[in-house]
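**Q** Okay, structure incoming, though there's no sequence with it:
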């Protein structure tokens, strides 16, 4: 299906990671001009940028205002215009800690790395939308933000805020400066990626998929397909403020016997 993304300038944050890299590849396959963002994965970002056609790559700490503003200035210079942003970057703290053991330092860091970073990314992108009068923003949340995640209340809270209050506010605000601009979100469930490496072996899949109709975990390409579809004005031009859950039919209850 034609997506209408050919020639569009696209910023993918967190593109050195599994889902971000899959998004960058798929946008490039649709003919988009992609800027590959990374924080610490310089080698992976460089390899990906070369793979998708010598795309520009740019480093930024998305929790730092000046870094984010510089990232989008670079994108404008490199791409000509910034028409789409896939805000994929996020950090899942691997240690399982219940709230009564959760240090304030980790809580604040997780909120900053997920919610604040997404706010700063969205703000910088929407300033581009205000300049051009067009654009599509896709936020990447998590099923943790829908169903909660024991041992990771900080991450669940950040993703819930991102894909609820922030999403629903932005989709209304953006039309003040661009009547047809759109904001949507994708909530991945368990996905094989560098962030979940070591947590999705065969035994883990059998355990975690008890709450899912499809007893498997997603591949990064499964998530990327929906990010690209939501970014496309051709496919999703009348879709805004929506959260698409890509999680094999996950529910907040067990649906399979042990």
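**A** Perfect, I can see it now. Please read these numbers as outputs of a predicted model, since none were measured by experiment. Numbering: from 1, shown residues only.
**Q** residue contacts, residue 166?
**A** Contact analysis of residue 166 by C-beta atoms under 8 Å, 6 or more residues apart in numbering lists 115, 118-119, 122, 139. For glycine as for every other residue, the C-beta is placed from the backbone atoms N, C-alpha and C.
**Q** no no, residue 122
**A** 85, 87, 137, 139, 166, 170, 183.
**Q** Including pLDDT, could those go into TSV?
**A** As requested, the contacts of residue 122 are exported to TSV (pLDDT from 0 to 100):
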residue	pLDDT
85	99
87	98
137	99
139	98
166	98
170	98
183	98
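**Q** Mind picking the two most distant members of those?
**A** 85 and 166 (13.8 Å; C-beta to C-beta).
**Q** can you tell me which of the contacts of residue 122 are in strands?
**A** 85, 87, 137, 139, 183 (DSSP state E).
**Q** which non-adjacent residue is nearest residue 84?
**A** Once flanking residues are discounted, residue 84 sits nearest to residue 10: 4.3 Å by C-beta to C-beta, 6 or more residues apart in numbering.
**Q** Check what pLDDT that neighbour gets.
**A** If you check residue 10, the pLDDT there is 98.
**Q** Kindly report the same for the one 4 residues further on.
**A** At residue 14, the predicted lDDT confidence score is 98.
**Q** before we move on, the earlier item: is the residue nearest to residue 84 in a bridge, and if so with what?
**A** Beta-bridge partners of residue 10, counted by DSSP bridges, are residue 34, residue 84.
**Q** That one reaches residue 30, doesn't it?
**A** No - the pair residue 10 / residue 30 is not scored as a contact, 9.1 Å apart, by C-beta atoms under 8 Å.
**Q** Using JSON lines, lay out the contacts of residue 166 together with distance to residue 150 and secondary structure.
**A** Shown next, in JSON lines, are those (distance: C-beta to C-beta, whole Å; DSSP: H, G, I helix; E, B strand; the rest coil):
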{"residue": "115", "distance to residue 150": "20", "secondary structure": "helix"}
{"residue": "118", "distance to residue 150": "23", "secondary structure": "helix"}
{"residue": "119", "distance to residue 150": "26", "secondary structure": "helix"}
{"residue": "122", "distance to residue 150": "29", "secondary structure": "helix"}
{"residue": "139", "distance to residue 150": "24", "secondary structure": "strand"}
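**Q** Closest one to residue 59 out of those residues, please.
**A** residue 118 (18.0 Å).
**Q** That closest one - how many residues pack around it?
**A** 28 (other C-beta atoms under 10 Å).
**Q** Report the next helix or strand after the helix or strand harbouring residue 230 in sequence order.
**A** Per DSSP states H and E, residue 230 falls inside helix 220-231. The C-terminal neighbour of helix 220-231 among helices and strands, as given by DSSP H and E, is helix 233-236.
**Q** Would you mark the buried spots in stretch 65-78?
**A** Residues of stretch 65-78 classed as buried: 67-68, 71-72, 74-76, 78 (neighbour count, 16 or more other C-beta atoms under 10 Å).
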